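In: below are the sequence and a predicted model; questions follow.
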Amino acid sequence: MWKKILALLFGVLILGLAFSGASATASLVNGTVNGTVTVPQEFSPEKKARR
């Protein structure tokens, strides 16, 4: 009986760690991407390319 409870608690712990790691990774990626990406004026959608 206690082995099943221990296995269940261990599974919940692993899932919690995975979710926490994924959340931290997403936060880090969002912070990095939002802080470094700059769009040059040549790529402005209002400006049409002339040929």
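Out: Arrived safely. It should be emphasised that the depicted structure is a prediction, and the values quoted were computed from it without experimental measurement.

In: what is the helix or strand harbouring residue 31 packed up against?
Out: When elements are assigned from DSSP states H and E, residue 31 belongs to helix 2-36. For helix 2-36, not one helix or strand is in contact under the criterion 3 or more Cβ pairs under 8 Å, 6 or more residues apart in numbering; DSSP states H and E. In short, each C-beta sits where N, CA and C put it, glycine included.

In: avg pLDDT for that helix?
Out: Across helix 2-36, pLDDT averages out at 88.

In: what are the buried residues along it?
Out: Neighbour counts over helix 2-36 (16 or more other Cβ atoms under 10 Å) mark no residue as buried.

In: the chain should start at 327 in everything you say after this.
Out: Renumbered: residue one is now 327, and that last one reads helix 328-362.
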